[in-house]
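S.K.: below is the structure, and that's it, no one-letter string:
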């Protein structure tokens, strides 16, 4: 046996002993930093699932541990089917849930920091208040999911389906939405400052009080969108479609927008760099087949 191979075996055994006596997740969060944290994280992602396989722990064993201790760090739940499960307030940091099916599951308040949810099916699941820092969500199905009050800033949402999801008061600072399905999503009060929404379809979406300050909405479709009290200050709205969009008390200070595009909208009391405009501008707005459902009309 070569010296190098013996060193690898020794290292693996040492790590196994270490994770057996130390709260590895707490150590990574509180003690390790920089390159040491990354190195330990990579080792733990391999060694802990390996230990579970060596001990022949089944999915039922892992779920039982999760329910009894409230935590299952680095758990390998790949392709697990746990529809409707109550996982609220549980600690699943660094868990692997890739390609798992959790339709209708309750993950409210759960800690999913650095968890892998690649291609997961979370249709109609509840993730309100969950910790999603550094989560992996590529190609995940989050249709109809409850994400109220969550923070997904900087998360890679490539290929994610958020159709009919509730994103009320959620935060997506500097997030790229270009490959995200947002049909029927609720963005009331959401924070999308500096987000990339180029060419995104937001037609008919409720964006009341949304923060889109300095966001890039070039070529986006906002047909019939509700932008009441929205903050669009400094946003790039070049080539945007605002046909029948409702902009009441909307801040468009320093926004980049062509006048002909703005004329398509129902514009009332807009806030500009020169102050509030009075009344409503409807002279060129397309009011045919206009729906006022969920639109609050205030007497001026």
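M.R.: Perfect, thanks for sending it. Not measured: the values here are computed from a predicted model.

S.K.: from now on I want contacts and neighbour counts done on CA atoms only, so please keep to that.
M.R.: Will do.

S.K.: can you tell me which residues contact residue 262?
M.R.: residue 242 (C-alpha atoms under 8 Å, 6 or more residues apart in numbering).

S.K.: that one and residue 117, how far apart?
M.R.: Taking C-alpha to C-alpha, to the nearest Å as the measure, residue 262 falls 40 Å from residue 117.

S.K.: so what's the residue most central in space within the chain closest to, chain neighbours aside?
M.R.: Nearest to the geometric centre of the chain sits residue 152, at 4.1 Å (C-alpha atoms, centre = their mean). Spatial nearest neighbour of residue 152, excluding adjacent residues (C-alpha to C-alpha, 6 or more residues apart in numbering): residue 172 at 5.2 Å.

S.K.: my read: the one you found touches residue 151, true?
M.R.: Yes - between residue 172 and residue 151 a contact is recorded at 6.3 Å, counting by C-alpha atoms under 8 Å.

S.K.: I figured the residue nearest to the centre of the chain hits residue 176, correct?
M.R.: No - look at residue 152 against residue 176 with C-alpha under 8 Å: they stay out of range, at 10.7 Å.

S.K.: mutual contacts of those two, please.
M.R.: By C-alpha under 8 Å, 6+ apart, no residue touches both residue 152 and residue 176.

S.K.: surely residue 267 touches residue 247?
M.R.: Yes - counting by C-alpha under 8 Å, residue 247 is a contact partner of residue 267 at 4.9 Å.

S.K.: pLDDT below threshold where in this structure?
M.R.: For the chain, the stretches flagged by pLDDT under 70 are 1-56, 273-300.

S.K.: would you map the strands across it?
M.R.: 246-248, 266-268, 271-272, 275-276, 280-281 (DSSP state E).

S.K.: how many residues are close by the residue nearest to residue 152?
M.R.: By other C-alpha atoms under 10 Å, the residues close to residue 172 number 23.

S.K.: same question for the one 5 residues further on.
M.R.: In terms of burial, residue 177 registers 21 neighbours under the definition other C-alpha under 10 Å.

S.K.: next: the one 5 residues further on.
M.R.: Neighbouring residues of residue 182 were enumerated by other C-alpha under 10 Å; the total is 22.

S.K.: find the nearest non-adjacent residue to it, please.
M.R.: In space, residue 182 is closest to residue 163, 4.8 Å off (C-alpha to C-alpha, 6+ apart).

S.K.: try residue 197
M.R.: With C-alpha to C-alpha, 6+ apart, the residue lying closest to residue 197 is residue 217, at 4.8 Å.

S.K.: how close does the one you found sit to residue 242?
M.R.: Distance check for residue 217 against residue 242: by C-alpha to C-alpha, it reads 11 Å.

S.K.: next one: residue 200
M.R.: For residue 200, the distance to residue 242 equals 13 Å [C-alpha to C-alpha].

S.K.: overlap in contacts of these two?
M.R.: Joint contacts of residue 200 and residue 242 (C-alpha under 8 Å, 6+ apart) are residue 221.

S.K.: of these two, who's got more company?
M.R.: residue 242 (25 against 21).

S.K.: give the contact list for the more buried one.
M.R.: Residue 242 touches 221-225, 261-262, 264-265, counting by C-alpha under 8 Å, 6+ apart.

S.K.: can you check residue 135 too?
M.R.: 112-117, 155.

S.K.: looking at those residues, which has the most residues close by?
M.R.: residue 112 (26 neighbours).

S.K.: how much space between that one and residue 168?
M.R.: Distance of residue 112 to residue 168, given as C-alpha to C-alpha: 20 Å.

S.K.: same deal with residue 150?
M.R.: The gap separating residue 150 from residue 168 is 9 Å, by C-alpha to C-alpha.

S.K.: repeat that for residue 185.
M.R.: On the measure of C-alpha to C-alpha, residue 185 and residue 168 end up 9 Å apart.

S.K.: can you tell me the closest non-neighbouring residue to residue 82?
M.R.: Per C-alpha to C-alpha, 6+ apart, closest to residue 82 is residue 102, 5.2 Å.

S.K.: same check on residue 159?
M.R.: residue 139 (4.3 Å).

S.K.: quick check: the one you found touching residue 162?
M.R.: No - between residue 139 and residue 162 there is no contact under C-alpha under 8 Å: 10.5 Å.

S.K.: these two: which is more packed in?
M.R.: Comparing residue 139 with residue 162 by other C-alpha under 10 Å, the one with more neighbours is residue 162, at 25 against 20.

S.K.: next, count neighbours for residue 68.
M.R.: Counted with other C-alpha under 10 Å, residue 68 comes out at 10.

S.K.: please shift the residue numbers so they start at 588 in all later answers.
M.R.: Okay, using 588 as the starting number, the last item reads as residue 655.

S.K.: quick revisit: just checking, the residue nearest to residue 784 touches residue 819?
M.R.: No - with contact defined as C-alpha under 8 Å, residue 804 does not reach residue 819; the gap is 9.9 Å.
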